[in-house]
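>>> Build me a model:
(chains A and B)
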Amino acid sequence: NAGVMQNPRHLVRRRGQEARLRCSPMKGHSHVYWYRQLPEEGLKFMVYLQKENIIDESGMPKERFSAEFPKEGPSILRIQQVVRGDSAAYFCASSPFGLLNTEAFFGQGTRLTVV
Amino acid sequence: KQEVTQIPAALSVPEGENLVLNCSFTDSAIYNLQWFRQDPGKGLTSLLLIQSSQREQTSGRLNASLDKSSGRSTLYIAASQPGDSATYLCAVTQGGSEKLVFGKGTKLTVNP
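A predicted model of the protein is given here:
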């Protein structure tokens, strides 16, 4: 059973470009979470999704950021018109039944650098 | 608002020593607490999950305790090894939500 797969591992974008980060959860996991880790900061919650639904996006900036988890395919975190402050490591986690009863499994992360 | 604090921020010990990492949280209304390990440039590896009704969990040389009423958890590592060198993160699942709230971590270095 492969773990949570994120790609790309490293992504460089120029200011104003779009960044697309992909996350394939573990097999059988329908709960997906995105977190952001800024340099010297702890991980911060961004968004929680179940198949085709956004459950909680309270940690995601209102502008330029969006997330989806379609019926088929990976979850996508999309950042439009990137700025230098978006440079960070973005981690995806998945869980089979939600975090109230089971642990979260994290991917290796995507390190976004905006130049 | 839940806040998670980990002390110390960094710890350096000689190989073979037993050690304790501390985690505290401000709101005791949690569902569970999870300890992770993060190696430089890597993702997070789950170490132990303690439900709010539990007092401790053990896995190999690791033992995690939870005192929910006082808002504290400890991670005990026995007979430390250089391979244990990493950043250890504590996170709580806040009651009523599916969010993990993380501390900033303790960076552990075990010297051979």
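>>> can you count the residues close to B:T106?
21 (other Cβ atoms under 10 Å in any protein chain shown). Every residue, glycine included, has its C-beta placed from N, CA and C.
>>> what residues are up against it?
Contacts for B:T106 (Cβ atoms under 8 Å, 6 or more residues apart in numbering or on different chains) come out as B:6-11, B:21-22, B:87-88.
>>> which one in chain A is furthest away from the centre?
A:N101 (21.4 Å; Cα atoms, centre = their mean).
>>> And the pLDDT at that residue?
Predicted confidence (pLDDT) for A:N101: 75.
>>> would you say it is within a strand?
No - secondary structure of A:N101 (DSSP: H, G, I helix; E, B strand; the rest coil): coil, not part of a strand.
>>> Please check the contacts of B:T106 and keep the buried ones.
Buried residues within these, defined by neighbour count using 16 or more other Cβ atoms under 10 Å in any protein chain shown: B:6, B:11, B:21, B:87-88.
>>> Nearest to chain A among those?
Nearest to chain A out of these is B:Q6 (Cβ to the nearest Cβ; 8.8 Å).
>>> I'd guessed the closest one sits against B:V20; true?
No - B:Q6 is beyond contact range of B:V20, at 11.8 Å (criterion: Cβ atoms under 8 Å).
>>> Need the distance between the two termini of stretch A:26-41.
In stretch A:26-41, first residue to last residue: 27 Å (Cα to Cα, to the nearest Å).
>>> Need the residues that contact that stretch.
Outside stretch A:26-41, the residues that touch it by Cβ under 8 Å, 6+ apart are A:1-4, A:23, A:25, A:43-51, A:60, A:67, A:69, A:75, A:77, A:87-99, A:104-105, A:109, B:98, B:100, B:102, B:104.
>>> before we move on, back to that, for the residue farthest from the centre of chain A, what are its contacts?
B:Q51.
>>> roughly how far apart are it and A:R20?
To A:R20, A:N101 is 32 Å away according to Cβ to Cβ, to the nearest Å.
>>> Same check on A:V4?
Relative to A:R20, A:V4 is positioned 17 Å away (criterion: Cβ to Cβ).
>>> Compare the two (neighbour count), which wins?
A:V4 (24 against 14).
>>> For burial, what's the neighbour tally of the closest residue to that one other than its chain neighbours?
Residue nearest to A:V4 in three dimensions, not counting chain neighbours: A:G107, with 3.7 Å by Cβ to Cβ, 6 or more residues apart in numbering or on different chains. Using other Cβ under 10 Å, the number of residues around A:G107 comes to 23.
>>> All good on my end, thank you.
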